[in-house]
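**Q** Provide a 3D model corresponding to the input given below.
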Amino acid sequence: MRQRRTPMGWGKAAPLLADGARIMLLLFLSLAVTIFVIYEIMAVTHPYPLDYGEAPLVDQAMRLAAGQNIYRADVSTPPYTISNYPPGYVLSLALFVKLFGPNFWAGRLISLLSSLAAGSCLALIVYEFSREKLAAWAAALLFWAIPYVVHWSPLLRIDLLALALSLAALTVLVRRPEGRRSLVVGAALLTAAIYTRQSYALAAPLAAFVWLWTQGGWRRAFTLAALVAGASLLLFLGLNLATGGGFYFNVVTANVNAFDMGRLGWNLSRIRDALPLLLLIGAASLFLTPGRTRSWSLAVPYLVGAFLSTLTIGKVGSNVNYFLELCAALSLAAGLAIAWSREHPWARSVLLVLLALQTGLLMQTTFDEYVGPLRERRQSLKLLRDLEWKVAHAAGPVLADEYMGILTLQGWPLYIQPFEMTQLSDAGLWDQTPFVESIRQGEFPLILIHYFPEYDVYKERWTPEMLSAISRAYSLDSSLADTRVYRPRLSSGGQLPVEKDACAGAPWRLPTGARLGVRWDGSTLDFLGRGNAGEIPVYAVADGRLTRLPEWVGAVAILHDDPLRPGQQVWSYYTDMVGPDGTTSYIAADFPPGSMDVPVPAGTLLGYQGTWSGIPAQPTWLHLRFAVVGAEEGGAFPDAPLPETWEPAAYLALALKEEGTYTELQPLRCAEPAP
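**A** I've put the predicted structure just below:
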């Protein structure tokens with residue numbers, strides 16, 4: 001009988017596959033950490049604000065360094081500022097401000113070092129449970145690879161310091177669960193974390209309490225709870241007494257941001273799409289029984305507490321900093337899962353490969369969401385220097401939102417934190433009337449409002465009353481780095497009055513209003529109105545014959561005798577008169593699709609400005625896109641993707657800057673009439 005040859009057993013192949021998977025994971029993690037390092041260097045060295053929340057902290061550090069109270073109980077008079085957080089981070093920043101003056105690099109360095117410390121603590125915790133270097137390193141490297149950690153680590157914000165302190169407390173308690181000194185040190189670190197960011201009173205204290213109960217009994221757990229609660233209460237009473245109730249008002253009462261379920265759902269979908277495997281590992285760890293693994297009583301309570309804290313991201317004004325504790329908890333769970341898989345070679349191979357793929361997705365999300373915006377900020381250095389020059393030469397207090405950090409760089413205290421005060425006004429806790437009246441009186445030489453292209457964040461930062469007062473009392477001076485600079489109308493020089501139909505001596509009238517200015521890119525001129533889509537009228541600039549091709553949803557063109565080139569013809573072209581869906585047309589009913597050679601006199605209503613951006617469901621600013629197009633032989637409209645266009649300034653008698661990009665908004669100004 002012929003004997004069958006036995007193939008190599010699956011058991012022998014499993015360790016080889018596990019080694020290959022381990023190498024694959026480490027390569028992906030190494031690349032992710034390289035991206036982390038490059039991003040951190042680019043961000044920390046950027047001399048201007050990277051986030052709205054940086055400037056208020058610098059302002060508070062300036063005031064602390066000067067011996068001033070940062071927790072005012074009465075905000076009925078300027079400065080209209082709020083200190084929403086306990087003083088831990090600001091105290092550490094104040095020392096650098098005292099030594100080096102107002103800056104951003106010091107606070108960013110504190111955050112970066114805190115991020116490194118937090119990842120190191122995760123590694124130490126995993127190693128204490130597993131004694132496996134791969135699992136420990138993977139926990140730390142995964143944490144640094146998560147895009148929200150990459151983005152937030154170099155910002156001058158409080159969160160990473162609070163996270164590092166809380167994880168340091170857990171590290172001490174895990175490594176020395178029976179020691180009396182570790183109990184005191186752990187309680188001190190947890191209290192310090194709470195007094196850096198108050199929301200850190202949940203996840204880490206809960207995990208420490210459950211861990212100590214399972215390892216040292218209920219007495220040690222309650223001793224820790226008593227130490228943390230007692231120290232926190234004493235600090236609260238002391239700070240509140242020293243500030244005349246201002247600490248409670250700023251940290252508790254003033255945190256009144258409205259909660260939005262839609263915002264919560266959107267943010268949770270973001271983390272679901274970016275961290276699917278880490279979330280799956282975290283969910284799986286919940287079903288392990290406490291007796292199966294010693295780490296359960298620390299990792300699972302921490303994960304649950306971190307998830308509950310994450311749910312507060314539904315508040316208006318929230319950002320990815322609300323994800324950081326959850327990111328740490330998921331990284332911890334992943335490291336512990338790798339340690340568990342050591343006894344299951346096949347499961348280990350699959351897990352490591354999946355974590356490598358998860359790391360690739362993390363890197364892709366970092367590039368998609370954060371690398372581009374950071375690069376754009378760094379490329380705007382010249383524009384930001386110009387903006388800083390305008391601020392530095394302003395005579396009086398300047399109002400700003402996204403770039404109010406430029407004020408602190410000058411050593412100027414903030415006059416207002418618009419987002420915080422808007423939330424207080426909406427909650428009925430602040431009377432904005434005196435401030436709005438100051439705007440109406442033109443008391444501020446400059447007002448800087450940042451306009452994000454994809455979302456109307458400015459509407460969360462300024463009340464409708466403030467925006468209305470700015471619209472009436474101020475005129476657009478310039479637009480730099482997506483920030484519109486407004487000056488009081490009395491000092492705006494040649495600003496074109498909104499109600500004016502044409503510039504003096506112009507061959508053509510203006511096609512529409514442009515309260516927010518114009519954008520000229522060398523071929524088309526955008527007129528940006530203020531109002532709602534379908535409300536700002538668009539008119540024919542001169543007598544002519546109108547055409548609307550059947551496929552034109554939001555465009556018409558009018559053929560004219562060229563007033564600048566006698567004997568020739570030229571088209572005025574009006575487009576983007578369409579809603580955000582790309583199908584709702586705002587063209588007047590008199591000109592249906594297919595209209596050809598329709599005579600129209602100057603001033604004929606053609607339609608209304610729209611918000612079409614070229615991408616359905618993503619509206620852009622209300623505008624009309626206008627062009628002067630050269631006519632083909634016989635007066636036909638050019639049948640070409642890039643027809644020849646003429647600069648409209650000469651036809652409309654406008655003073656336009658040279659061609660630029662769409663981010664370079666400029667005020668609508670009439671050219672000086674020829675002598």
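
**Q** contacts, neighbours, all on C-alpha from now
**A** Will do.

**Q** Identify the structural domains in this structure and state their residue ranges.
**A** Split into domains by automatic domain parsing, the chain comes to 17-50+104-360, 382-491, 517-652.

**Q** what about the longest one, start to end distance?
**A** So that's domain 17-50+104-360. Start-to-end span of domain 17-50+104-360 (Cα to Cα, to the nearest Å) is 20 Å.

**Q** Please state the offset of it from the chain centre?
**A** 21 Å (Cα atoms, centre = their mean, to the nearest Å).

**Q** same check, this time on the shortest one
**A** Centroid separation for domain 382-491 versus its chain: 18 Å, with Cα atoms, centre = their mean.

**Q** circling back to that earlier point, nearest to residue 503, out of the domains of the chain?
**A** Nearest to residue 503 among the domains of the chain is domain 517-652; the distance by Cα to Cα comes to 6.7 Å.

**Q** could you point out which element follows the biggest helix by length in the chain?
**A** Assignment by DSSP state H gives helix 10-44 as the longest helix of the chain. Using DSSP states H and E, the helix or strand that directly follows helix 10-44 along the chain is helix 54-65.

**Q** Sketch out the low-pLDDT regions of the stretch 501-650 of the chain for me.
**A** 617, 640-642 (pLDDT under 70).

**Q** how does it look with 80?
**A** Residues of the stretch 501-650 of the chain meeting the criterion pLDDT under 80: 516, 530-532, 615-619, 639-644.

**Q** Work out for me the element residue 545 sits within.
**A** Going by DSSP H and E, residue 545 is in strand 544-547.

**Q** repeat for residue 337
**A** helix 324-340.

**Q** Please convert the domains of the chain to CSV, extending it with distance to residue 369 and mean neighbour count.
**A** Putting those into CSV (distance: least, Cα to Cα, whole Å; neighbours: other Cα atoms under 10 Å) gives the following:
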stretch, distance to residue 369, mean neighbour count
domain 17-50+104-360, 8, 20
domain 382-491, 13, 19
domain 517-652, 17, 19
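
**Q** mind checking which of those is nearest residue 66?
**A** domain 382-491 (11.3 Å).

**Q** Give me the contact list for stretch 623-641.
**A** 512, 523-529, 538, 559, 569-577, 608-611, 643-648 (Cα atoms under 8 Å, 6 or more residues apart in numbering).

**Q** coming back round to it: packing partners of the helix holding residue 337?
**A** helix 105-130, helix 133-145, helix 147-152, helix 159-175, helix 276-285, helix 296-310, helix 345-366 (3 or more Cα pairs under 8 Å, 6 or more residues apart in numbering; DSSP states H and E).

**Q** what's the angle between it and helix 133-145?
**A** 160 degrees (axes from the mean of the first three to the mean of the last three Cα atoms, to 10 degrees).

**Q** averaged over its residues, what pLDDT does helix 324-340 have?
**A** Helix 324-340 comes out with an average pLDDT of 96.

**Q** Can you check what angle separates that helix from helix 296-310?
**A** Using the same axes, to 10 degrees: helix 324-340 against helix 296-310 is 150 degrees.

**Q** Put the alpha carbons of helix 324-340 into CSV.
**A** C-alpha atoms of helix 324-340 as CSV (Å, rounded to 0.1, in the frame of the first residue of the first chain):
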residue,chain,number,x,y,z
LEU,A,324,-8.8,62.1,22.3
GLU,A,325,-9.7,60.0,25.4
LEU,A,326,-11.5,57.5,23.2
CYS,A,327,-8.5,57.4,20.9
ALA,A,328,-6.3,56.5,23.9
ALA,A,329,-8.8,53.9,25.1
LEU,A,330,-9.0,52.2,21.7
SER,A,331,-5.2,52.2,21.4
LEU,A,332,-5.0,50.6,24.8
ALA,A,333,-7.5,48.0,23.8
ALA,A,334,-5.6,47.2,20.6
GLY,A,335,-2.4,46.8,22.4
LEU,A,336,-4.0,44.4,24.9
ALA,A,337,-5.6,42.5,22.0
ILE,A,338,-2.2,41.9,20.4
ALA,A,339,-0.9,40.6,23.7
TRP,A,340,-3.9,38.2,24.0
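
**Q** quick one, that helix and helix 159-175 angle?
**A** 40 degrees.

**Q** mind listing what the residue nearest to residue 460 when sequence neighbours are not counted touches?
**A** Take residue 460 and drop its neighbours on the chain: the residue closest to it by Cα to Cα, 6 or more residues apart in numbering is residue 419, 6.3 Å away. Residue 419 sits next to 401, 460-462 when contact means Cα under 8 Å, 6+ apart.

**Q** Return the distance of residue 419 relative to residue 560.
**A** 49 Å.

**Q** Then residue 537?
**A** Residue 537 is 21 Å from residue 560, by Cα to Cα.

**Q** again with residue 594
**A** Residue 594 is 19 Å from residue 560, by Cα to Cα.

**Q** before we move on, what about residue 375?
**A** 44 Å.

**Q** Tell me where the model's unsure across the stretch 201-350 of the chain.
**A** 288-293.

**Q** try 50
**A** Judged against pLDDT under 50, the stretch 201-350 of the chain has no low-scoring part.

**Q** What's the per-residue pLDDT of the residue nearest to residue 40 when sequence neighbours are not counted here?
**A** Counting by Cα to Cα, 6+ apart, residue 154 is the residue found nearest to residue 40 once chain neighbours are left out, at 5.6 Å. On pLDDT, residue 154 comes in at 97.

**Q** May I have the residues that are in contact with residue 154?
**A** 40, 43-44, 108-109, 111-112 are the contacts of residue 154 under Cα under 8 Å, 6+ apart.
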